[in-house]
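Peer 1: Just need the structure, nothing else, for what follows:
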Amino acid sequence: MAIEHAMIKLRIDVDYPYPSRAKSFLYVALRIKNHRCKDYLRNAFIIARMINESPREIRVYWFFTPYTIPNKELLEQLNPERHEVALHVANKPVDEWKTLEEKTSRKVTYYTIHGTQRLFARLLWGRKLSQAQAIIPPDFPLTSFHSFTTMSLDRERYRLGLEKVLPSAEEWVDHDVVLSFHPEWLLKQNRRNQRGPVQDVLQRILGVDSELETLSIKKKSFFKIGRDTYEYQKKINPTPDFIKKLSEHNVDVYTFLERTWCCPLTNPQSNWMKTEDNVALLDIKSYAEWWQAIGKKTRNLVRKAEKSGVKVAVVEPNDKLGEGIWKIYNETPIRQERAFTHYGESIQTVSAHMYAAKNNTFIGAYIDNELVGFIQILYGDNIAIVSNILSLHKHLDKSLNNALLAKAVEVVASKGERWLMYGRIGNHPSLDRFKKNNGFIKYSIARYYIPLTTKGKAAVKLGLHRDLKDTLPEPLKNTFIPAVNFVSRTHVKLKQQVRGG
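Peer 2: Just a heads-up that it's a prediction; the model follows:
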C-alpha cells in the first residue's frame with residue numbers, strides 16, 4: 001500500500017542574485033542588474049530542477065527582489081503548475097510589483113517584506129538607518145504571505161542537523177506549515193546567521209538526487225574534487241545526467257574506482273583519466289580454508305589471545321559498547337605512529353556514530369567483561385569491509401587484533417560474503433605486513449578522474465588530482481611517510497603541552 005503524503009508548500013526568499021555573498025553585496029550596493037551573468041540565480045536553478053523532478057505534490061512560492069528577477073531561462077523552469085512568482089519587497093512596493101509582473105509576464109498575487117536588523121544591510125538596500133524594512137501602503141493590492149504559518153527550514157537545519165530536522169520537516173508539512181528558506185544557504189551554512197545548508201534536507205523530502213546523498217566534496221589547492229563516500233561498497237558508472245548535477249555543485253574533478261573484483265566497467269569514456277590504485281583484498285572460500293592458509297605464526301597469535309583470556313564475540317550496538325569504544329579512542333592520541341583523528345571525541349559523538357552506522361557488524365574483544373578491542377565490518381554490494389579495528393595499547397601483548405580479524409573472517413564467511421577488504425596496501429609497512437600475514441593480497445584496480453571544468457582539466461594536467469603519497473616513487477615514499485608521521489606526532493605533543501601548561 002502506497003504511503004500518502006501531504007502537499008509540500010515552500011516559500012523561497014531569493015534575496016541575493018549570486019551564490020557568493022561578496023559578489024551579491026557588491027552588485028546590490030552598486031545597483032547592478034546582470035541577468036546574463038553565468039552564475040546569476042545559480043542556486044535557484046538547482047532548486048527548481050529538484051522540485052520539477054520530485055514525485056511529491058508541491059506548491060512553491062518564489063519571492064523575488066528587484067535584484068533577483070528571474071531571467072528567461074529560470075522562468076522556463078518555473079512552470080505555473082508548481083511554481084508561483086511573488087514579490088519580496090525591498091524599498092518601493094508598487095514600482096517593484098509592476099516591474100516584476102512586466103519582466104516575468106506573470107500575475108503576482110503575494111508579497112513578503114525584506115527586513116533586516118543590521119545597519120550595514122539597511123545601507124546596502126538603500127534604506128535609512130532607522131528603517132528596518134519598507135513600508136507597505138494601505139491600498140497595496142497584493143496579499144501578504146506573512147499571514148501563512150511558516151517554518152524556517154534553513155535555520156532549523158543549522159540548529160538541529162540533518163537527521164533531526166527531517167522528521168520535523170515532514171511533521172510541519174503534514175500540518176500545512178510552509179517551509180521557508182533562502183537559496184544562498186542551499187549548499188553552505190553561515191554561523192553568524194545560523195542558517196543552512198538545506199540541500200540534503202530538500203533531497204530527502206522531495207525524494208530526488210539520491211545518488212548525491214553520499215557525495216563528498218573536498219577543496220584541494222585551487223579546485224574541488226568529489227567522490228562517493230561509499231565508492232568501495234557500490235558500483236559507480238557516472239551518467240551524463242549525474243555529471244551535470246556534479247557541475248551544479250561546483251565539482252571540478254570527480255573520482256571513482258572500478259571494482260574489478262566483481263563489477264568491471266564496460267564503457268569507460270575516453271576523457272576519463274585512468275590511474276592505478278589498489279585494495280587489500282581477501283578471497284574467502286571458507287573459514288577453515290583461510291585458517292589453514294594464513295600460516296602457523298599467525299594462527300599461534302590468535303591462540304595466544306585465547307590463552308590470555310580474551311573472549312571475542314559479535315555485539316549489538318548499545319550504550320555500553322559506545323562507552324567502550326570511546327575509552328579505546330581516548331586511550332592515546334597517537335596510533336600507527338601518527339596523530340589519531342578520533343582522540344578527544346566526546347562519548348556522545350562516538351555513540352551517535354555507532355548507532356547511525358548501517359549494514360554493519362561490531363565484534364568486540366573482552367577481558368573480564370571489559371571491552372579491550374573492537375572491529376567494525378561494513379557490508380556493501382559484493383564486498384565486506386574492515387572499517388575499524390582498534391584495541392587498547394595496554395593489552396598490545398595479547399594479539400587482540402589477530403583474534404578480532406579471525407572472528408571477522410568467520411562472520412563474513414558465515415554470511416556467504418566472498419570478498420573482505422581492508423583498506424589499501426603500500427603506505428604503512430607494519431600494517432601492510434599484518435594484512436599480508438592474514439591472507440590479504442594487494443589487488444590492483446583502476447581509479448578514474450573526470451575533469452568537469454577548466455580548473456579541473458588544469459588540475460589533472462598538473463597531476464594535482466592525486467594524493468602526494470600516491471605519486472611518489474617507492475624510495476621517496478619510504479622517507480616521506482615517516483617524516484609526515486613525525487610532524488603529526490610532534491604537533492599532537494605540542495598541543496598537549498600547551499593544554500597542560
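Peer 1: Could you break this structure into its assigned domains?
Peer 2: With automatic domain parsing as the criterion, the domains of the chain are listed as 8-208, 285-417, 469-501.
Peer 1: Mean pLDDT lowest where, among those?
Peer 2: Ranked by mean pLDDT, the domains of the chain bottom out at domain 469-501, with a mean of 62.
Peer 1: and the domains of the chain as CSV, adding distance to Cys262 and mean neighbour count?
Peer 2: Using the backbone N, CA and C atoms, a C-beta is placed for each residue, glycine as well. Formatted as CSV, the domains of the chain follow (distance: least, C-beta to C-beta, whole Å; neighbours: other C-beta atoms under 10 Å):
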stretch, distance to Cys262, mean neighbour count
domain 8-208, 28, 17
domain 285-417, 4, 17
domain 469-501, 23, 12
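Peer 1: Including distance to Trp272, could those domains go into a markdown table?
Peer 2: A markdown table is the format used below for these (distance: least, C-beta to C-beta, whole Å):
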| stretch | distance to Trp272 |
| --- | --- |
| domain 8-208 | 25 |
| domain 285-417 | 21 |
| domain 469-501 | 17 |
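Peer 1: Do you have the helices of the stretch 301-450 of the chain handy? List them.
Peer 2: 319-329, 347-356, 400-414, 429-437 (DSSP state H, counting those that start in this stretch).
Peer 1: tell me the centre residue of the chain?
Peer 2: Centroid-nearest residue in the chain: Ser216, 4.6 Å away (criterion: C-alpha atoms, centre = their mean).
Peer 1: quick revisit: of the domains of the chain, give the one that comes closest to Met273.
Peer 2: The closest of those to Met273 is domain 469-501. By C-beta to C-beta, the value is 13.2 Å.
Peer 1: Quick check: chain neighbours aside, which residue is closest to Thr260?
Peer 2: Counting by C-beta to C-beta, 6 or more residues apart in numbering, Thr260 lies nearest to Ile445, which is 5.3 Å off, once chain neighbours are set aside.
Peer 1: For that neighbour, list each beta-bridge partner.
Peer 2: Asp277 (DSSP bridges).
Peer 1: Equivalent analysis for the one 4 residues further on, please.
Peer 2: Partner residues in beta bridges with Tyr449: Thr255, Met273, with DSSP bridges as the criterion.
Peer 1: check contacts around it.
Peer 2: Shown in contact with Tyr449 (C-beta atoms under 8 Å, 6 or more residues apart in numbering): 253-255, 272-273, 275, 460, 465-466.
Peer 1: Mind checking which of those are buried?
Peer 2: 253-255, 272-273, 460, 465-466 (16 or more other C-beta atoms under 10 Å).
Peer 1: what sits up against the one helix or strand Ala44 maps to?
Peer 2: Ala44 belongs to helix 42-53 when assigned by DSSP states H and E. Residues from elsewhere that reach helix 42-53, judged by C-beta under 8 Å, 6+ apart: 10, 12, 14, 18-19, 58, 60, 62, 68, 70, 73-74, 77-79, 82-83, 183-184, 186-187, 199, 202-203, 206, 208-209, 248.
Peer 1: Beyond it, next helix or strand please.
Peer 2: Beyond helix 42-53 on the C-terminal side, the first helix or strand identified by DSSP H and E is strand 58-64.
Peer 1: ok, so what distance separates the residue of the chain most remote from its centre from Pro93?
Peer 2: Computed with C-alpha atoms, centre = their mean, the maximum C-alpha offset from the centroid of the chain is found at Asp139, amounting to 48.5 Å. Applying C-beta to C-beta, to the nearest Å, the value for Asp139 to Pro93 is 11 Å.
Peer 1: can you check Thr255 too?
Peer 2: Taken as C-beta to C-beta, the span from Thr255 to Pro93 is 50 Å.
Peer 1: Which of the helices of the stretch 301-450 of the chain sits closest to Thr143?
Peer 2: Closest among the helices of the stretch 301-450 of the chain, once you apply C-beta to C-beta, is helix 347-356, at 43.6 Å.
Peer 1: Which elements pack onto the closest one?
Peer 2: helix 319-329 (3 or more C-beta pairs under 8 Å, 6 or more residues apart in numbering; DSSP states H and E).
Peer 1: related to what we said a few turns ago, angle of the helix holding Ala44 against strand 58-64?
Peer 2: On the basis of axes from the mean of the first three to the mean of the last three C-alpha atoms, to 10 degrees, helix 42-53 is oriented at 160 degrees to strand 58-64.
Peer 1: mind checking how far helix 42-53 is from the chain centre?
Peer 2: 19 Å (C-alpha atoms, centre = their mean, to the nearest Å).
Peer 1: Helices along the stretch 151-300 of the chain, start to end?
Peer 2: Using DSSP H, counting those that start in this stretch, helices in the stretch 151-300 of the chain cover 153-160, 162-174, 199-206, 240-248, 287-293, 296-307.
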